[in-house]
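Student: Okay, sequence plus prediction incoming.
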Amino acid sequence: MSQEYTVQNHTISSIASKFGTPFYLYDANILEEVYLELRQAIHDSVEIFYSLKANPNISIYNYLRNLGACAEVCSHSELLTSIKAGTSPENIIFLGPGKSEKEIRACLQHNIYAIVCESFQELEIVNDLAQKYNLKPNVALRINPAFSVKGSRLTMGGKPRQFGIDEAAILDNPELLSKYTHIRIMGIHVYMGTRMLEIEPIVENTSQILNLAERIEEALGINLEMVDFGGGLGIPYFEGEESLNIIELAKCLNPIISSFKNSHPKTRLIMELGRYLVGKSGLLVSKVLYLKESYGETFAVTDGGTNCHMAAVGIGSYVKRNFPIAVLNRYGEQVTDVYNITGPLCTPNDVVAKKISLPKLFPGDLIGVFHSGAYGPTASPTHFLSHGYPAEVLVMSEKAHLIRDRDTPSDLLGKQHLVEVQQEFPVV
Ligand SMILES: *Cc1c(COP(=O)(O)O)cnc(C)c1O
């Protein structure tokens, strides 16, 4: 039996005819379920910071903020997004290896909770600016630890990286930090990797980071006011991957947190998460434009390809694996045919799904790529071939809200300047 896929009683085709395709569709109920499950499971003393990088739409962030999430931002625009949504400055941290002076000034101006510095030169610049404006901002050190833990799809620790300051550079010469007299070094930040789907490495990471925090306290002779132990919790994309069991994770994590908290009652403990909080809530909806055969394979050409969803090309894998995909207007119909789902780009790499089994497709069918609420359009070449950004829709309290307009040709052309050609060429 097939029926239409619905989100809070809205059929996808009704949303598609209202807003056009392609578009990203987010379900606020899923955002809430995911957030609350984590919030209820994880130790009370852990604060959840949302990494806006994963999905910087202000309405998505605002929904999470309303549930209690704080903000981890990495650019001037992300900072302004969090402020515009009404986040109080003591719930904002700013990190990133390449902060511009303008961004550092904005952090100072808004008096955010912590600037997470990633190099000695950055500490110096923050220190100099603070001195100039007669301020003493909170600064946390992003540490590149000497340890690394398996189980992340993108390991950060224990390797040469542009992120953070090597643990040894601080532990071996803590006196180097004493020259920065106009900043308060009050915290540390460690981010170990992303897309973690197993409990053990997350627990191991956290425990090692908390241990590192204690070693840093000892070396610097301070009590840390903030320890951000990252996160990197994943969601399943591909066959064989399973959702993290948050209840089980919390069972293992909470005793470690609790014991750290007992010896550090005043330290703010931060878990920063992007993908995990928003990934499951979103799907890309595109429309099948054409069906064609080529050398024995069938292609469904849609209006929303990798220009909208680069991640679907394949993340961290040489073999193309498919995201969970379905035909939304005939959801649940029996699978009979095999397709390559492609987009409108003029490159053979514009393949959203390869050799995927679906019901027989027709032009006009709506294709849904699930688990796509994180690293969707913002992490895609949306300007390639000048298609522009797709629309974004959030269904909340049973109402479908347009939360971002689709780019139009005038949006794209409006940024460009036409230089008239002055020179006249001789006619030969
Ligand atoms: C990207 C990033 C995050 C968010 O990662 P997710 O895997 O989406 O949770 C958090 N912190 C830092 C430092 C990052 O670079």
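Tutor: Good, I have the coordinates.
Student: any chance you could map the helices in the stretch 151-300 of the chain?
Tutor: Along the stretch 151-300 of the chain, counting by DSSP state H, counting those that start in this stretch, helices occupy 167-171, 199-220, 246-263, 275-278.
Student: buried set for the shortest one?
Tutor: Pointing back at helix 275-278 there. 275-278 (16 or more other Cβ atoms under 10 Å). Heads up, the C-betas are built off the backbone N, CA and C, glycines and all.
Student: Can you tell me which of these is nearest the ligand?
Tutor: Comparing these against the ligand with Cβ to the nearest ligand atom places residue 275 closest, at 3.4 Å.
Student: For that closest one, which non-adjacent residue is spatially closest?
Tutor: residue 374 (4.1 Å; Cβ to Cβ, 6 or more residues apart in numbering).
Student: ok, that neighbour to residue 235 distance?
Tutor: For residue 374, the distance to residue 235 (Cβ to Cβ, to the nearest Å) stands at 8 Å.
Student: Spit out the residues that contact these two alike.
Tutor: 275, 279 (Cβ atoms under 8 Å, 6 or more residues apart in numbering).
Student: higher neighbour count, those two?
Tutor: Taking other Cβ atoms under 10 Å, residue 374 and residue 235 do not tie; residue 374 has more neighbours (26 against 19).
Student: how about the residue in the stretch 151-300 of the chain positioned nearest to the ligand, phi and psi?
Tutor: Residue of the stretch 151-300 of the chain nearest the ligand, by Cβ to the nearest ligand atom: residue 274 (2.8 Å). Backbone torsions for residue 274, taken as degrees, to the nearest 10, come to phi -120, psi -80.
Student: what about the closest residue to it other than its chain neighbours, neighbour count?
Tutor: Excluding its sequence neighbours, the residue lying closest to residue 274 (Cβ to Cβ, 6+ apart) is residue 54, at 2.8 Å. When neighbours are defined as other Cβ under 10 Å, residue 54 has 23 of them.
Student: Residue 54 contacts residue 280, correct?
Tutor: No. With contact defined as Cβ atoms under 8 Å, residue 54 does not reach residue 280; the gap is 11.8 Å.
Student: So, low pLDDT: which residues of the stretch 251-400 of the chain?
Tutor: Low-confidence segments of the stretch 251-400 of the chain (pLDDT under 70): 315-318.
Student: and the nearest residue to residue 99 once chain neighbours are set aside, what element?
Tutor: Spatial nearest neighbour of residue 99, chain neighbours left out: residue 122 (6.5 Å); criterion: Cβ to Cβ, 6+ apart. Per DSSP states H and E, residue 122 falls inside helix 120-132.
Student: quick check: mean pLDDT across whatever helix or strand comes next after that helix?
Tutor: Next along the chain after helix 120-132, taking DSSP H and E as the criterion, comes strand 138-144. Strand 138-144 shows an average pLDDT of 97 in the prediction.
Student: So strand 138-144, near the ligand or not?
Tutor: No. Judged by Cβ under 6 Å from any ligand atom, strand 138-144 makes no contact with the ligand; its nearest approach is 7.6 Å.
Student: distance between that strand and the chain's centre?
Tutor: 20 Å (Cα atoms, centre = their mean, to the nearest Å).
Student: Could you figure out how far that strand is turned away from helix 120-132?
Tutor: Interaxial angle, strand 138-144 versus helix 120-132 (axes from the mean of the first three to the mean of the last three Cα atoms, to 10 degrees): 180 degrees.
Student: residue contacts, the residue nearest to residue 148 when sequence neighbours are not counted?
Tutor: Spatial nearest neighbour of residue 148, chain neighbours left out: residue 158 (3.4 Å); criterion: Cβ to Cβ, 6+ apart. For residue 158, the contacting residues are 144-148, by Cβ under 8 Å, 6+ apart.
Student: quick one on the thing from earlier: and the residue nearest to residue 275, what element?
Tutor: Judged by DSSP H and E, residue 374 forms part of no helix or strand.
Student: Got phi/psi on it?
Tutor: phi -120, psi 140.
Student: Kindly report the residues of this protein close to the ligand.
Tutor: So the chain meets the ligand at 51, 53-54, 95, 191, 194, 230-232, 272-276, 374 (Cβ under 6 Å from any ligand atom).
Student: Kindly format the C-alpha coordinates of stretch 47-61 as PDB.
Tutor: Only the C-alpha atoms of stretch 47-61 are listed here, as PDB (Å, rounded to 0.1, in the frame of the first residue of the first chain):
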ATOM      1  CA  GLU A  47      25.200  22.200  28.900                       C
ATOM      2  CA  ILE A  48      24.300  21.600  25.200                       C
ATOM      3  CA  PHE A  49      25.800  24.000  22.800                       C
ATOM      4  CA  TYR A  50      24.600  23.900  19.200                       C
ATOM      5  CA  SER A  51      27.200  24.200  16.500                       C
ATOM      6  CA  LEU A  52      25.500  26.600  14.000                       C
ATOM      7  CA  LYS A  53      27.900  25.300  11.300                       C
ATOM      8  CA  ALA A  54      25.700  22.200  10.900                       C
ATOM      9  CA  ASN A  55      22.600  24.300   9.900                       C
ATOM     10  CA  PRO A  56      22.900  28.000  10.400                       C
ATOM     11  CA  ASN A  57      19.200  28.800   9.500                       C
ATOM     12  CA  ILE A  58      18.100  31.200  12.200                       C
ATOM     13  CA  SER A  59      14.700  29.500  12.700                       C
ATOM     14  CA  ILE A  60      16.300  26.100  13.200                       C
ATOM     15  CA  TYR A  61      18.700  27.600  15.700                       C
END
